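Q: pasting the sequence and the predicted coordinates here, then a few questions.
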Amino acid sequence: MSAQAPIKRITVPQIADRKGGTPIVSLTAYTAPMAAMVDAHSDFILVGDSLGMVIHGLPSTIGVTLDMMILHGQAVMRGSQRAMVVVDMPFGSYEESPQQAFRNAARIIGETGCGAVKLEGGTRMAPTIAFLVERGIPVMGHVGLTPQSTNVMGGFKTQGRDEATWAAHIQDAVDVADAGAFAVVVEGVMEPLADRITDAISVPTIGIGASARCDGQILVLDDMLGLSGRIPRFVKKFGDLGPRTEDAIAEYAAAVRDRSFPGDEQVYR
Ligand code: KIV
């Protein structure tokens, strides 16, 4: 009897090599069962700090902790076999110094076994990204609309409406890529600016509310399935599971109340 070879996970260099190639598919997941469903279809799974809003009912991603990210990262690693898993560094876990970022990124990688971390910020985070990459931590960047900075930005606002700001956004992406990020999420920017960013950097761009010309796309799974309450305008829904879930719950409740719910005699007959 021959032992089955373990399924190999997609690696960081394999994602980096997809610049200008077959578009990279990615989705978020926060739990083992959802990760298992996403695994076969995605090149990487992001354990995004959006889990604070989607799963924990927080008003923003600001209150998400390192322990929350590690717990969900472990679940997603257990549920998946093939896709690379990237875990977000939450607000307050990396901005203070490169040393703080290294300590916390090492905890995420060590305690979850994930392939890479993602952190938000452009030029200002470049020295931190270089510090992590030089010490063996693969980093995915995140520029444009960075939800952890919405208090400074004044809300979830599409970036690059004013062409005068484009140069700074492009420089952000260039500095993050030059610092060693293997891919860069480009969120919530005007399409022509997203295209300029894709053309300006040599690593893949992963768009969300950006441009179909990005090297890959990501969506928050619950938004895409129609399960979240407040869905950003740019999200194309590929399912409508919210109302269907509510219908199933209502059907169950009615069955219990009118005693048509199967009793032991039916189930175990
Ligand atoms: O937290 C998250 O889900 C993200 C994606 C929206 C890119 O960062």
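A: Ah, there it is.

Q: what's the neighbour count on the residue of the chain found nearest the ligand?
A: Closest approach between the chain and the ligand, counting by C-beta to the nearest ligand atom: residue 48, at 2.2 Å. C-betas here are computed from N, CA, C, even on glycine. By other C-beta atoms under 10 Å, 28 other residues sit near residue 48.

Q: nearest residue to it in space, please, no chain neighbours.
A: residue 28 (4.4 Å; C-beta to C-beta, 6 or more residues apart in numbering).

Q: OK, contacts around the one you found?
A: By C-beta atoms under 8 Å, 6 or more residues apart in numbering, the contact set of residue 28 is 45, 46, 47, 48, 50, 51, 54, 218, 219, 220, 221, 222.

Q: on that earlier part again, from residue 134, how far off is the residue of the chain closest to the ligand?
A: 25 Å (C-beta to C-beta, to the nearest Å).

Q: circling back: quick check: phi and psi on the residue nearest to residue 48?
A: phi -90, psi 160 (degrees, to the nearest 10).

Q: which pLDDT value goes with it?
A: With respect to pLDDT, residue 28 has a value of 98.

Q: gap between the helix ranked longest in the chain and the chain center?
A: For the chain, the helix that runs over the most residues, judged by DSSP state H, is helix 241-257. In terms of C-alpha atoms, centre = their mean, to the nearest Å, the centre of helix 241-257 is set 30 Å apart from its chain centre.

Q: for residue 185, what is the enclosing helix or strand?
A: Under the criterion of DSSP states H and E, residue 185 resides in strand 183-187.

Q: in the next helix or strand after that strand, which residues are buried?
A: Where DSSP H and E defines the elements, the next helix or strand beyond strand 183-187 is helix 191-200. By neighbour count on 16 or more other C-beta atoms under 10 Å, the buried set for helix 191-200 is 193, 194, 195, 196, 197, 198.

Q: please flag which of the contacts of residue 28 sit within strands.
A: Among those, the members found in strands (DSSP state E) are 45, 46, 47, 218, 219.

Q: related to what we said a few turns ago, and the residue nearest to residue 48, bridged to which residues?
A: Judged by DSSP bridges, the bridge partners of residue 28 are residue 46.

Q: and the stretch 101-250 of the chain, which residues reach the ligand?
A: Residues of the stretch 101-250 of the chain lying near the ligand by C-beta under 6 Å from any ligand atom: 185, 187, 208, 218, 220.

Q: rerun that using 5 Å as the cut-off
A: Applying C-beta under 5 Å from any ligand atom, we find that the stretch 101-250 of the chain lies next to the ligand at residue 185.

Q: against which helices or strands is the host helix or strand of residue 71 packed?
A: Following DSSP H and E, one finds residue 71 within helix 66-79. Under the contact criterion of 3 or more C-beta pairs under 8 Å, 6 or more residues apart in numbering; DSSP states H and E, helix 66-79 touches helix 32-39, strand 44-47, helix 51-54, strand 84-88, helix 98-112.

Q: change it to 7 Å
A: With contacts taken as 3 or more C-beta pairs under 7 Å, 6 or more residues apart in numbering; DSSP states H and E, helix 66-79 sits against helix 32-39, strand 44-47, strand 84-88, helix 98-112.

Q: quick one, the first one and helix 66-79 angle?
A: Spelled out, it's helix 32-39. Angle between the axes of helix 32-39 and helix 66-79 is 60 degrees (criterion: axes from the mean of the first three to the mean of the last three C-alpha atoms, to 10 degrees).

Q: so for residue 135, what's the nearest residue that isn't a sequence neighbour?
A: residue 102 is the one closest to residue 135 (C-beta to C-beta, 6+ apart), at 5.9 Å.
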